[in-house]
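Asks: 3D model of this:
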Amino acid sequence: MTTTAAPRPASDFDPLMLLEAVEEVARTARPVDPDRVAQRPWDRARALSARYASAPPARRIAEYLGLSWSEVLRIALVPPGRRERALGTQLGEDIQKWLTLDYIAFALRLVGGRLGLTTLSPAQYRGERTRMLKQDAGRWRHGGHFRLPNDDQIRTVAGSWDRALRLATLGGLQGRGGNRARIQPGSIVEIIERCYEHHGTEPTTGDAELFAKANGIPFPRRERGRPWTDVLREWKDGRCAAGLPVPAGPPPKALRPDYSLDVGAAREGERRRHKTWDDPAELAQWVAQYLADLSRGARASKRGYDAWARAVVGAPWSSKFDKYGGWSAVLAAARNLG
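Replies: Here you go, the predicted structure:
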């Protein structure tokens, strides 16, 4: 006897994991023709999966990906190595009919305004989007028609989450104290593309690593066992699909550009900015700015300052005050500036 685990929301899974779940359960439900399994039989077959018994219902998966169930099945049954590209292509074809860059900017500003935030992480956007769509669905007669893209669709059309934020004139995602931005390293394919954009030549694996190092770009560890030729094939297939020119190979050594030059290829947030904070007067200026931003009647505190600094580009943590007498000393110096 099998028992069905409580389904988890689709947002608990990344899109590729959802597709993996769809494939495994579909092959369990209909081993001969998994591409023809309907939603209800698929839902029932979840209980037979050791890994995906708690996967969301088929209908929720399709809604979350913004695709029909037949499209979800088709992409899920693509070989794993090609699944991500197939999903990106399908999302792009489906949403380009209605999701424009202007609408992305509107959606981000709308959600940011509701939350009272000047920037948004994908998780913050996802949570508020879910609440807004539930509210809309509950409206009598006219509900259920509000279109709000999910974060994966935004990335697909805008190119990246950071670019979407810039389109919406929202601040970039900040790390601790604004000094360490949280940005995931790009893929090797993305680094090759940036190298090609700046130098106009196909790099070798050593060239790509040298280019990344020279520009301060984190170079991800290559997938274990994946040859460089496979990485290049993925890059060239992407350019070919986009109608862009594809190089035949790296130029002769004598004609290769100097990949050790910093050509400004790093994106905002990829480089870590180092700051020694050896000027107490500068620290006091930051606290003075914090005091000026305080709401009327609000009490200045070390914890409150750190919460403020988290959202302000370049602001130091209060721990940087320790060698100058701590929070109280720097706070007193900031008040004297007034």
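
Asks: So which residues of the stretch 51-200 of the chain form helices?
Replies: Remark: helices assigned in the stretch 51-200 of the chain by DSSP state H, counting those that start in this stretch are 58-65, 69-76, 80-95, 101-115, 122-137, 151-158, 161-167, 188-199.

Asks: you'd agree Arg239 is up against Pro245?
Replies: Yes: if you go by C-beta atoms under 8 Å, Arg239 and Pro245 touch, sitting 7.1 Å apart. Using the backbone N, CA and C atoms, a C-beta is placed for each residue, glycine as well.

Asks: So between those two, which is more surrounded?
Replies: Neighbours were counted for Arg239 and for Pro245 using other C-beta atoms under 10 Å; Arg239 has more, 15 against 8.

Asks: what sits against the more buried one?
Replies: 193, 245-246 (C-beta atoms under 8 Å, 6 or more residues apart in numbering).

Asks: how about a cut-off of 7 Å?
Replies: Contacts for Arg239 (C-beta atoms under 7 Å, 6 or more residues apart in numbering) come out as Val246.

Asks: Secondary structure class of it, three-state.
Replies: helix (DSSP: H, G, I helix; E, B strand; the rest coil).

Asks: worst average pLDDT in the helices of the stretch 51-200 of the chain?
Replies: When these are ranked by mean pLDDT, helix 80-95 comes last with a mean of 63.

Asks: For the strand or helix carrying Gly304, name the packing helices and strands.
Replies: Gly304 belongs to helix 302-310 when elements are defined using DSSP states H and E. Packing partners of helix 302-310 (3 or more C-beta pairs under 7 Å, 6 or more residues apart in numbering; DSSP states H and E): helix 280-293.

Asks: how about a cut-off of 10 Å?
Replies: helix 280-293, helix 326-337 (3 or more C-beta pairs under 10 Å, 6 or more residues apart in numbering; DSSP states H and E).

Asks: rewinding a little: what's the closest of the helices of the stretch 51-200 of the chain to Pro218?
Replies: helix 188-199 (9.1 Å; C-beta to C-beta).

Asks: okay, that closest one in CSV with CA atoms only?
Replies: Taking only C-alpha atoms (Å, rounded to 0.1, in the frame of the first residue of the first chain), the coordinates of helix 188-199 have been written out as CSV:
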residue,chain,number,x,y,z
ILE,A,188,31.5,28.7,-18.8
VAL,A,189,29.4,29.2,-22.0
GLU,A,190,28.5,32.7,-20.8
ILE,A,191,32.2,33.5,-20.2
ILE,A,192,33.1,32.3,-23.7
GLU,A,193,30.4,34.5,-25.2
ARG,A,194,31.7,37.6,-23.3
CYS,A,195,35.2,36.8,-24.4
TYR,A,196,34.1,36.6,-28.0
GLU,A,197,32.1,39.8,-27.7
HIS,A,198,35.2,41.7,-26.5
HIS,A,199,37.9,40.1,-28.6
